[in-house]
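In: A structural model of the following input is requested.
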Amino acid sequence: MPTPAITITAEPSGSVVAKGATDDLSASLLKHAGFRQIQDWHGLRHRLPTTTPLADKVAIATHAAEMLRAARYSVELPPSLNTALVSTPADSFGPYTAGAAVAQITERIGAAENGAEFRQAVDHLLHPAYGVMECLREALEVAGDHVADLDQDAYEVADQFVYAAEDVSSAHTGLIETDEALRRVGDQDHPRLTASAPAPGSSVARQAALASSPAATRSAVPPTVGGTASPSTPPVPKPNAPGPLR
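Out: Prediction:
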């Protein structure tokens, strides 16, 4: 008799949910791994709290899948919740915990299987207040201010930190402005761009905008004489120019 399929996924809310465990054995294995059983209007399922650290979510989901498969259950587990596919362990960063956190975000982005998972992961980079880019901009700005306080002669170093903060801020703003397009990632129903409609912001679109601008229109109109456009005529030969040979 075939066993029921169990699916373990990460939801946009951040919680990890296991669905399809309807018998006592599978439910027991999931609870042993760390899942909590919930039954509401969504039906019976098992879930990890949204506050569970990401590394723990991955470890628990992987362990649950291994136990279920050993018990002959069919389990679907995305790469983002599979420790075997997580290539950069946090311990390899040593004391650089910020780098380890960014590496985990990178793994989540690379393992996203749909637009919702991709947007959720990228939000950790682009959040206007708590995202990686905003925190990096603030750190660079503070570094520029403080190095000048520590050594007034280090103004060139201070300037480099300030310039870097401005570059990060500019890049962050540009990425945030793509929010509408980002929401359409993975949406198969949104209209595709064609050759007759160049992508906004592309070089083709910028050239088209420049060509239709008032300045371009003015430069395309021939100069006027007395309010009348001068016709484009070939140059008149000089009076003393020799005529054609006969």
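In: how would you label the residue most central in space within the chain: helix, strand or coil?
Out: Centroid check for the chain by C-alpha atoms, centre = their mean gives residue 122 as the closest residue, at 4.2 Å. With DSSP: H, G, I helix; E, B strand; the rest coil as the basis, the three-state label of residue 122 is helix.
In: same deal with residue 153?
Out: Residue 153 ends up coil, using three-state DSSP.
In: Check it and give its pLDDT.
Out: Per-residue confidence (pLDDT) for residue 153: 86.
In: Can you pull the phi and psi angles for it?
Out: The phi and psi torsions at residue 153 (degrees, to the nearest 10) take the values phi -80, psi -10.
In: Now do the contacts for it.
Out: Counting by C-beta atoms under 8 Å, 6 or more residues apart in numbering, residue 153 makes contact with nothing. Bear in mind the C-beta positions are built from the backbone N, C-alpha and C, glycine included.
In: got it, and residue 56?
Out: Residues near residue 56 by C-beta under 8 Å, 6+ apart: 34, 48.
In: measure it to residue 31 for me?
Out: 16 Å (C-beta to C-beta, to the nearest Å).
In: Please, where are all the strands along this protein?
Out: Taking DSSP state E, the strands of the chain run over residues 5-10, 16-19, 36-40, 43-48, 74-76, 224-225, 228-229.
In: Any chance of those strands in TSV with distance to residue 171 and mean pLDDT as columns?
Out: TSV is the format used below for the strands of the chain (distance: least, C-beta to C-beta, whole Å; pLDDT from 0 to 100):
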stretch	distance to residue 171	mean pLDDT
strand 5-10	27	88
strand 16-19	32	90
strand 36-40	41	83
strand 43-48	34	84
strand 74-76	37	90
strand 224-225	46	44
strand 228-229	47	46
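In: Next one: the nearest residue to residue 161 once chain neighbours are set aside from residue 136, what distance?
Out: Closest residue to residue 161 apart from its sequence neighbours, by C-beta to C-beta, 6 or more residues apart in numbering: residue 144 at 3.2 Å. Between residue 144 and residue 136 the distance, using C-beta to C-beta, works out to 13 Å.
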